[in-house]
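Asks: kindly return the folded structure for what I paste below:
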Amino acid sequence: MTLKLYFDLGSQPSRAVYMFLKLNNIPFEEVFVSIGAGEHRQKEFRNINPFQRVPVIDDNGFILTESVAILKYLAKKYGAPSHWYPENDVSAVARIDEYMNWQHLNTRQNCAMLFQNLLLIPRMRGRPIDWEKVKFYRKKVSEVVKFLDEYFLRENPYLCGNEITLADLLGVCELVQLIPVREQMLYESNPKVKAWVDRVKSRLGPLFDQSHETIFGLGAMFDQNVNSKM
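Replies: Residues are numbered from 1 along each chain as shown. Below you'll find the predicted structure:
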């Protein structure tokens, strides 16, 4: 029985898990769950994940519904190269865990909320952009970028040291979510963070662009929405 990945490439953690599987040549069955069409709320998917979120994996009946847990599990179960999650190095794995625990309420939450308030919420609810909320989340993202620079990266090429890890996959997928809503200067204005993003993108190669076609394609929709309200 094949490992199944339930995902939508519009979802940041879905992209991280999808790319990890591809990068490490782990065979899997792709099960697309359209968030835009509300498929994550349908009974069939709720039976798999009552939290109604993607990504989800089903590995021969073993189901995991949270992206960090999924990435750790895949790295261990399928023997991925040790740089992703080096269990034999206690300090290194603690650093990776530190970022992955921190990112939920920081990189993930604030980049996602800025994206949603600029594009998804106005579009779904037929309301103007709430620029006060946008201003709030811009400030929060700027704070996140500062932490990425001064605490996580420091003088390292990657978030947790000299090699790419699970932390870098998750972090990059969150930051580039700002590109279609034209907010990428929030991180590109920081030379160290921009260099890290470019470094990770280069390391991931063509897979990065392939995995982000859907989300980057929303840029034209955003431009149209903003221009129509001018």
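
Asks: for the chain, just list every one of the strands.
Replies: For the chain, the strands defined by DSSP state E cover 4-7, 29-32, 56-59, 62-64.

Asks: residue contacts, residue 147?
Replies: residue 106 (Cβ atoms under 8 Å, 6 or more residues apart in numbering). Where C-beta positions appear, they are placed from N, C-alpha and C, glycine not excepted.

Asks: start at 569 instead
Replies: In the new numbering, first residue 569, that becomes residue 715.

Asks: on that earlier part again, can you list the strands of the chain in a markdown table and add distance to residue 733, mean neighbour count and mean pLDDT?
Replies: Formatted as a markdown table, the strands of the chain follow (distance: least, Cβ to Cβ, whole Å; neighbours: other Cβ atoms under 10 Å; pLDDT from 0 to 100):
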| stretch | distance to residue 733 | mean neighbour count | mean pLDDT |
| --- | --- | --- | --- |
| strand 572-575 | 20 | 22 | 98 |
| strand 597-600 | 24 | 12 | 97 |
| strand 624-627 | 19 | 21 | 98 |
| strand 630-632 | 19 | 14 | 97 |
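
Asks: could I get these as a markdown table with distance to residue 683?
Replies: Supplementary listing: those in a markdown table, determined by distance: least, Cβ to Cβ, whole Å:
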| stretch | distance to residue 683 |
| --- | --- |
| strand 572-575 | 18 |
| strand 597-600 | 21 |
| strand 624-627 | 22 |
| strand 630-632 | 25 |
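
Asks: quick one: closest of those strands to residue 684.
Replies: Of all those, the one in closest proximity to residue 684, counting by Cβ to Cβ, is strand 572-575 (18.9 Å).

Asks: now do the buried residues in the helix ranked longest in the chain.
Replies: The longest helix of the chain (DSSP state H) is helix 699-715. Under the neighbour-count criterion of 16 or more other Cβ atoms under 10 Å, helix 699-715 has 702, 705, 706, 708, 709, 712, 713 buried.

Asks: got phi/psi on the spatially closest residue to residue 651 that is not a sequence neighbour?
Replies: Nearest residue to residue 651, sequence neighbours excluded (Cβ to Cβ, 6 or more residues apart in numbering): residue 731, at 4.0 Å. Backbone torsions of residue 731, given as degrees, to the nearest 10, read phi -130, psi 150.

Asks: pLDDT wise, what is residue 731 at?
Replies: If you check residue 731, the pLDDT there is 97.

Asks: neighbours of it, how many?
Replies: Neighbours of residue 731 under the rule other Cβ atoms under 10 Å: 16.

Asks: quick one: it and residue 653 touch, right?
Replies: No: in this structure, residue 731 is not within contact of residue 653 by Cβ atoms under 8 Å, at 10.8 Å.

Asks: ok, now which ones touch residue 741?
Replies: 580, 581, 583, 584.

Asks: in helices, which of those appear?
Replies: 580, 581, 583, 584.

Asks: domain parsing of the protein, as residue ranges.
Replies: Domain ranges of the chain: 572-645, 658-796, per automatic domain parsing.
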